[in-house]
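S.K.: This is a predicted model, with the sequence first.
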Amino acid sequence: MKRFEFTLETVLKLREGQEREWENRLASITGECSNIRRNIDLYAAEKSRCALENQFNDVNSLMAVANYQARMDNQVKEAQKMLVIKEKERESVLKDFIEASKKRKILDKLKEKKIEEYHHLRNKHEEKLTDDINNSAYGRI
């Protein structure tokens with residue numbers, strides 16, 4: 001009996017490649033979201049540090065600290081806007097990744113069924129050969 005050959009193997013490899021591509025895109029965008037969140041935390045920590053470390057001896061230093069804190073607030077707002085955009089993009093890529101994964105899994109299941117079918121047919125073929133050998137040996141006696 002001939003070897004097992006899955007006729008859609010090239011399509012399966014293509015689907016696996018597409019799935020990996022979407023997975024890489026998802027990882028990249030997730031990393032960008034993490035960086036933005038970390039920056040937001042850093043801006044908030046910097047704002048608090050600035051308020052705690054400075055001695056408000058005169059009006060100029062008080063104004064400088066207030067301006068710096070306002071700048072940190074603006075940085076946080078901008079980062080939050082960017083985070084919202086990136087999260088929407090991440091959701092879109094996640095949907096595409098899930099779709100690519102489903103397509104690959106469908107072909108994987110089909111391949112598994114074809115392999116099971118092949119093994120079943122091969123076992124039947126081997127049983128038939130064994131029976132033929134036994135029958136011919138019995139006939140010679």
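M.R.: Great, that's in hand.
S.K.: Over to the residue nearest to the spatial centre of the chain. Which of the three states is it?
M.R.: By C-alpha atoms, centre = their mean, the mean C-alpha position of the chain lies nearest to residue 23, the distance being 3.4 Å. Following DSSP: H, G, I helix; E, B strand; the rest coil, residue 23 is assigned to helix.
S.K.: Also residue 2?
M.R.: coil.
S.K.: Over to residue 7?
M.R.: Here residue 7 is recorded as coil under three-state DSSP.
S.K.: how many neighbours does it have?
M.R.: Neighbour count for residue 7, taken as other C-beta atoms under 10 Å: 8. No exception for glycine: its C-beta is placed from N, CA and C like everyone else's.
S.K.: Look up how far residue 114 lies from it.
M.R.: Residue 7 is 8 Å from residue 114, where distance means C-beta to C-beta, to the nearest Å.
S.K.: same check, this time on residue 25
M.R.: 31 Å.
S.K.: likewise residue 31?
M.R.: From residue 31 across to residue 114, the span is 38 Å (C-beta to C-beta).
S.K.: Neighbour count for these two, which is higher?
M.R.: Taking neighbours as other C-beta under 10 Å, residue 31 and residue 114 compare with residue 114 leading, 15 against 10.
S.K.: counting contacts, what elements does the helix or strand harbouring the more buried one pack onto?
M.R.: Assigned by DSSP states H and E, residue 114 belongs to helix 59-140. When contacts are defined as 3 or more C-beta pairs under 8 Å, 6 or more residues apart in numbering; DSSP states H and E, helix 59-140 packs onto helix 9-53.
S.K.: what packs against the helix it packs on?
M.R.: Contacts defined by 3+ C-beta pairs under 8 Å, 6+ apart place helix 9-53 against helix 59-140.
S.K.: chain center to the helix it packs on, what's the gap?
M.R.: Counting by C-alpha atoms, centre = their mean, to the nearest Å, helix 59-140 is centred 6 Å from the centre of its parent chain.
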